[in-house]
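>>> Just need the structure, nothing else, for what follows:
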Amino acid sequence: MATTETTSARVDSWLWAVRVFKSRSQATAAVKAGHVRVNGERAKPATNVRVGDRVVVRGGLVERILVVEKVLVKRVSAPLAAQAVIDQSPPPPPKELAVRVAVRDRGAGRPTKRERRDIDRLRGRG
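Next comes the predicted model:
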């Protein structure tokens, strides 16, 4: 365990080690795209994280707020990874509040002008 725990680590490596991303390259791509903030500031892949740092990961509609409890450099088992992070993310919204999506039958072709206007109204565009 002593070889996997240090005082600081790269943010992309830490996100991969605590199993936020499946691969380190995915973590690096998310950091480069600006989806990761460390202590309120946009991070670069080589940004170091230390115990107590607040890491915000934005993915899709959800935002995960993580506090560094232990600094890990290498990927560890899931129970150990769960102990290395404090998840302060808000709970997801209930399914009743989820956005409805218009569903068309397969093979129905392109929507007609009337159907397109209905879809636009449903999405709040007109």
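>>> So what pairs up with the residue sitting nearest the centre point of the chain in the strands?
Note on the chain: the residue nearest the mean C-alpha position is residue 59, at 3.6 Å, using C-alpha atoms, centre = their mean. Counting by DSSP bridges, residue 59 is bridged to residue 62.
>>> Worst mean pLDDT across the helices and strands of this protein, which element?
In the chain, the helix or strand scored least confidently by mean pLDDT, DSSP states H and E is helix 113-122, which has a mean of 89.
>>> Can I get it in CSV? Just the C-alpha atoms.
Presented in CSV, the C-alpha positions along helix 113-122 are these (Å, rounded to 0.1, in the frame of the first residue of the first chain):
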residue,chain,number,x,y,z
LYS,A,113,-43.6,20.0,-41.4
ARG,A,114,-46.5,19.7,-39.0
GLU,A,115,-44.6,17.0,-36.9
ARG,A,116,-41.5,19.2,-36.9
ARG,A,117,-43.4,22.1,-35.5
ASP,A,118,-44.9,19.9,-32.8
ILE,A,119,-41.4,18.7,-31.9
ASP,A,120,-40.2,22.3,-31.8
ARG,A,121,-43.1,23.2,-29.5
LEU,A,122,-42.3,20.2,-27.2
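>>> And it, how far out from the chain middle?
Helix 113-122 sits 32 Å away from the centroid of its parent chain (C-alpha atoms, centre = their mean, to the nearest Å).
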